[in-house]
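Novice: The following block contains a protein sequence and its predicted model.
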Amino acid sequence: MTDLTTNTRALEDSIVRDLAGRMTYSGYLDLDRLLNAQHPVSVPEHHDELLFIIQHQTTELWLKLVLHELQSACGWLREDNLGAALKAIARVKHIQKTLTEQWSVLATLTPHEYAQFRGFLGHASGFQSGQYRCVEFILGNKNAGMLPVFDGEPAMRAQLEELLDAPSLYDEFLRYLSRHGYAVPAEVLERDVRLAHTFCEGLVPLFKEVYEDAEQHWSAYETCEELVDLEDNFQLWRFRHLRTVQRTIGMKTGTGGSSGVGFLRKALDLTFFPELFAVRTEVGR
Ligand code: HEM
Ligand SMILES: N[C@@H](CC(=O)c1ccccc1NC=O)C(=O)O
């Protein structure tokens, strides 16, 4: 019961206080390591560098889960377990929304504040995020040219190479459709999965049929729409990144060596699932 005069909640007698030798919150979550993994490099330490570090670290933590879910989704598709794959994708969509919303926290960093510690970051850049590349690879935006960036991180390079060699989520979906009687062109099924997926005209009629009679093709239709959501969400994250970069460093070149905003803008023209967007033009024609 809450004592209204002291505005204090009484701790129930049954609450475990003697935690010696027991599993604890901080032990289970390895908080000692997690909360001691923020190492500002600015001298003297800039107040806002902690925000910058935590924004990146939380993103990387969520990306870890996104990867875990998308890899599982690929496996479940391979096993014809569409329900489980869709459930994993639904979770990923929520994480993407959180990540996109999170940009508003970093947007409180003013250009002047950032300029005061940017010089200490050297050539470090989000361009070197291995997990971000892993997600791009799983979604089909393969680019072997990214590998040398990770020569100094053997475990990450190995993970990326494994994903480069593996079918993407879209490859797995198209194989699933083929196994379930859909006329997926052989050129798609036999494509070199180490390359980025490129537009295949022959897939459009197939998707047109699915979209024009969703009830008859519900599983295929639902999965198509989940993939469209994934791509939309991914592009929204990229757009918010670009806008945050623009308001923070303007047209300065990037610490990673790119032109900056201009380079980031080019990613907005990429597409993971071109046929799922092309089909929209054809529906009803
Ligand atoms: C004020 C904050 C930020 C600025 C000014 C900024 C700036 C930039 C710039 C200029 C690039 C292009 C590469 C380069 O030359 O460096 C880039 C790439 C990238 N950044 Fe950021 N960034 C910021 C925050 C973040 C955060 C919080 C993340 C989350 C992990 C992130 C992830 C990435 C990724 C994944 C790329 C590669 C994008 C691509 O290849 O298209 N950035 N960033
Ligand atoms: N590329 C950024 C620096 C930056 O944002 C950054 C630096 C170190 C680690 C992660 C970063 N995040 C995204 O690029 C810049 O040019 O200011």
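Specialist: Cool, the structure landed. Ligands and ions are numbered 1, 2, ... in the order given.

Novice: Now do the strands for the stretch 101-250 of the chain: every range, in order, please.
Specialist: With DSSP state E, counting those that start in this stretch as the criterion, the stretch 101-250 of the chain has no strands.

Novice: Nearest to ligand 2: which residue in it?
Specialist: Of all residues in the stretch 101-250 of the chain, Gly126 sits closest to ligand 2, with a separation of 2.7 Å (C-beta to the nearest ligand atom). Every C-beta, even on glycine, is put in place using the N, C-alpha and C of the backbone.

Novice: what's around that residue, how many residues?
Specialist: Neighbours of Gly126 under the rule other C-beta atoms under 10 Å: 14.

Novice: Repeat that for Phe277.
Specialist: The tally of other residues near Phe277 (other C-beta under 10 Å) stands at 15.

Novice: what does Leu242 give?
Specialist: 18.

Novice: Quick check: closest non-adjacent residue to it.
Specialist: Counting by C-beta to C-beta, 6 or more residues apart in numbering, Leu264 is the residue found nearest to Leu242 once chain neighbours are left out, at 4.6 Å.

Novice: Quick one: distance of stretch 259-268 to the chain centre.
Specialist: The chain centre lies 18 Å from the centre of stretch 259-268; the measure is C-alpha atoms, centre = their mean, to the nearest Å.

Novice: Quickly check: it near ligand 1 or not.
Specialist: Yes - Stretch 259-268 is in contact with ligand 1 by C-beta under 6 Å from any ligand atom, via Gly260, Phe263, Leu264, Ala267.

Novice: re the thing from before, surely the residue nearest to Leu242 touches Arg243?
Specialist: No - in this structure Leu264 lies outside contact range of Arg243 using C-beta atoms under 8 Å: 9.7 Å.
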